[in-house]
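> What follows is a predicted structure for the sequence shown.
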Amino acid sequence: MKNLILRYLLFCCCFCIPSVFAEDATPADQKTVFLIPVRQAIFHPQLYLLRRGVEKAVEADADAIILLMDTPGGSVKIMQEMVNPIIDVGIPTYTLVESEAISAGAIIAMATDQIYMTPRSTIGDAMPVIMGQGGYEELGEAEREKIESYMDAIARSIAQAKGRNETLIRAMVRRSVEFKLEDGTVISPEGNILTLTNQEAELLLPDGTRLLSEGTVADLEEMLEILGLENAELIELIPSMADDLALLITKLAPILMTLALLLVYLEIQSPGIGWAGGGAALLFIVVTFGHNVAGLAGFEDLVFIALGIALLLVELFVLPGFGIAGISGILLLGWGLLQSMTIRYPGNPGDLPGLENIGNLGPAITTLGLAVIGSTLLAALLLKSMGEKSLLGKRLILSEAIQPASQEESTLSLKGLIGQQGIALTPLRPAGTVQLNGKNYDAIADGDYVESQSLILIQDVHNHRLLVTATMESPA
């Protein structure tokens, strides 16, 4: 088991530490620009890529973040989660609309500081819709108002945060909103959803500002020249299979966590089993890896998890009883898992240092809570239904134990041992092995931890296992 602990800690070091040194150092006077592609429908993979890109840009103290956008839109919920990391990031943010920024894409673009568009590109049409099996679903007046009102509020909040024209953004959401210029020119009449071409979006207003975009550029290179970033180091995030894997892992996180906690329980109940503890550690690593790729788990979370597991293993296999090391291990493991699954937004002004994202713990607490409840129910089911003939039962129940023809005979035979004394062959934390009259039996300590080679007294029989307590006498 010591080798397992060392291998796990070595794996964590190899997995986590290289990311700290992965980026090559750049000259102090060279500017850095992070390019984040938003070139597909707005769903989880796009969210993970953007969130990871923003996190890396903040760590690198980048000079700018540019979204390379060509999207037909997507999930409103995912759109909100993509807006939050960029709207107050503290780094200049830009959007280059390469072809279209429609629906959710338009809202995300307007959450950046400036927008540039390429020739013949479009932006707008952000009215929320609900997709059914045969296409768009028909909504009643009340249902339509409910979802439009919600989207309208999101659009207004972004307009207020970025100093944009609220009526313009609302006209992209509601058909009932007309948008016209100060001179009376109607850009989008009532009854239409506003969608702007690149030429319309860059209209010069009387106050000297542009309607929406800062101008039309041929490509990214021209945009960088306008921004004075033509010599900047460009770091573009590339979607990979890891993003798809992260999506699968985050969706399966409650199930994986349930299995991990169940294996931890089996490890505690049957000291020396080994594979259960190793399997639990592996599942914890898989869950953390998925959330790391998703832009949630950071290096410090992996350290908390590694230390928590290490302390639990030390408590189980090195130290007697269950004390400070075990409790500390549970706290570190729980906090690391919660933090690794918590959505993080740069800044979050107003929160205490180190607790910037404590308000976003809800989903992580739900996942961990479901895992605890699920593992408890599974453990109870296993204890009730597991028998010695099952594969798992053979690993957890001693083959040398008395095996009469039936469970009734087994219970009667074991009850005949009540009141007798024996020796603990293994530590009982609380389960382990005891010896009576030269035979080995599966046993559970009734109360405190029992050290190996201690004299024990048989008190009762529980689930075909002896319930024992340590005596005050020393073995001869």
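Okay, I see it.

> Pull the number of nearby residues for the nearest residue to Leu68 once chain neighbours are set aside.
Nearest non-adjacent residue to Leu68, counting by C-beta to C-beta, 6 or more residues apart in numbering: Pro37, 4.7 Å away. Yep, even glycine has a C-beta here, placed from its N, CA and C like the rest. Pro37: 20 surrounding residues under other C-beta atoms under 10 Å.

> swap in Val76?
Using other C-beta under 10 Å, Val76 has 19 neighbouring residues.

> Quick check: it touching Pro128?
Yes. Assessed by C-beta atoms under 8 Å, Val76 is found in contact with Pro128 at 6.0 Å.

> anything in contact with each of these two?
The contact sets of Val76 and Pro128 overlap at 150-151 (C-beta atoms under 8 Å, 6 or more residues apart in numbering).

> and Met69, what are its bridge partners?
Val38, Val97 (DSSP bridges).

> so how far is Ser213 from it?
12 Å (C-beta to C-beta, to the nearest Å).

> which neighbours do the two share?
Contacts common to Met69 and Ser213, judged by C-beta under 8 Å, 6+ apart, are Val97.

> that older thread, show the pLDDT at the residue nearest to Leu68.
Looking at Pro37, its pLDDT stands at 94.

> do the same with the one 4 residues further on
Among the per-residue scores, Ala41 holds a pLDDT of 86.

> got the residue ranges for the strands in the stretch 201-350 of the chain?
For the stretch 201-350 of the chain, the strands defined by DSSP state E, counting those that start in this stretch occupy 215-216, 233-236.

> would you turn those strands into a markdown table with distance to Ile158 and mean neighbour count?
Formatted as a markdown table, the strands of the stretch 201-350 of the chain follow (distance: least, C-beta to C-beta, whole Å; neighbours: other C-beta atoms under 10 Å):
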| stretch | distance to Ile158 | mean neighbour count |
| --- | --- | --- |
| strand 215-216 | 21 | 18 |
| strand 233-236 | 25 | 15 |
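
> how does this protein divide into domains?
32-231, 241-385, 399-470 (automatic domain parsing).

> Can you flag the weakest of those domains by average pLDDT?
For these, where the average pLDDT is lowest is domain 241-385, sitting at a mean of 67.

> nearest to Ala62, of the strands of the stretch 201-350 of the chain?
strand 233-236 (7.8 Å; C-beta to C-beta).

> And that closest one, what does it pack against?
strand 32-38 (3 or more C-beta pairs under 8 Å, 6 or more residues apart in numbering; DSSP states H and E).

> need the next SSE after the strand it packs on, C-terminal direction.
helix 44-59 (DSSP states H and E).

> got the angle for that following helix vs strand 32-38?
On the basis of axes from the mean of the first three to the mean of the last three C-alpha atoms, to 10 degrees, helix 44-59 is oriented at 170 degrees to strand 32-38.

> first vs last residue of stretch 163-180, how far apart are they?
18 Å (C-alpha to C-alpha, to the nearest Å).

> Give the buried residues for that stretch.
164, 168-175, 177-179 (16 or more other C-beta atoms under 10 Å).

> Please point out which parts of the helix or strand Asn440 falls within sit buried.
Asn440 is located in strand 439-445, with elements delineated by DSSP H and E. Buried residues in strand 439-445, counting neighbours by 16+ other C-beta under 10 Å, are found at 440-445.

> What lies in contact with stretch 372-383?
By C-beta under 8 Å, 6+ apart, stretch 372-383 touches 254-255, 257-262, 264-266, 392, 463.

> Select from those every entry located in helices.
Cross-referencing those against helices under DSSP state H gives 254-255, 257-262, 264-266, 392.

> residue ranges for the helices of the stretch 151-300 of the chain, please.
In the stretch 151-300 of the chain, the helices defined using DSSP state H, counting those that start in this stretch lie at 166-173, 198-201, 220-227, 241-269, 275-293, 299-317.

> OK, contacts around the closest residue to Asp152 other than its chain neighbours?
Residue nearest to Asp152 in three dimensions, not counting chain neighbours: Val173, with 5.1 Å by C-beta to C-beta, 6+ apart. Val173 makes contacts with 126-128, 148, 151-152, 155, 193, as judged by C-beta under 8 Å, 6+ apart.

> Including neighbour count and distance to Ile42, could the residues you listed go into CSV?
Compiled in CSV, the contacts of Val173 are given as follows (neighbours: other C-beta atoms under 10 Å; distance: C-beta to C-beta, whole Å):
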residue, neighbour count, distance to Ile42
Ala126, 29, 11
Met127, 18, 15
Pro128, 21, 12
Glu148, 19, 18
Met151, 21, 13
Asp152, 21, 18
Ala155, 23, 15
Ile193, 16, 18
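
> Nearest to Leu338 among these?
Met151 (31.1 Å).

> check contacts around the nearest residue to the closest one once chain neighbours are set aside.
Counting by C-beta to C-beta, 6+ apart, Met151 lies nearest to Pro128, which is 4.6 Å off, once chain neighbours are set aside. For Pro128, the contacting residues are 76, 147-148, 150-151, 173, by C-beta under 8 Å, 6+ apart.
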